[in-house]
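S.K.: Below are the sequence and a predicted model for it; my questions follow.
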Amino acid sequence: MDIQEFIVDIILAIVLIISTLVLVLRIWQDLVLAVAATLMMAALGGLFLSLGAKIRNLDKSVIARERTMRMNLDELNMLVCNKCDTMISEVHQIVGELSRRVYR
């Protein structure tokens, strides 16, 4: 995974943590409460980052499965076309043989 994919999420998580720290320090003037709220927001930001990573992995997995299914469908299509062509040629041979027998 590339860090450039997560740069916006990381910046937003940092802003979330800093804004929580500033808000709590300004209102209550209690360091323990400020640290606890900051840790809670850090955990929430980490949860958002983790959720975003899982969604990206799921998206990549779906794309890979779709590509595999498309390739399998193409192979199946070619196989069915070959079988149809073989069957058509066999039917033509049988019809030709029957028409020769009728004319004799």
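M.R.: Nice, thanks for sending it over. Numbers count the residues shown, from 1 in each chain.

S.K.: Summarise which helices and strands the helix or strand hosting residue 67 is packed against.
M.R.: Taking DSSP states H and E as the criterion, residue 67 maps to helix 31-103. Where contact means 3 or more CB pairs under 8 Å, 6 or more residues apart in numbering; DSSP states H and E, helix 31-103 is packed against helix 7-28. For every residue, glycine as well, the C-beta is placed using N, CA and C.

S.K.: Identify each buried residue in the helix it packs on, please.
M.R.: 9, 13, 16, 17, 20, 21, 24, 25 (16 or more other CB atoms under 10 Å).

S.K.: what's next to it, contact-wise?
M.R.: 30-31, 33-34, 37-38, 40-42, 44-46, 48-49, 52 (CB atoms under 8 Å, 6 or more residues apart in numbering).

S.K.: cool, and stretch 86-104?
M.R.: So stretch 86-104 is contacted by nothing (CB under 8 Å, 6+ apart).

S.K.: What mean pLDDT does it get?
M.R.: Averaged across stretch 86-104, pLDDT comes to 87.
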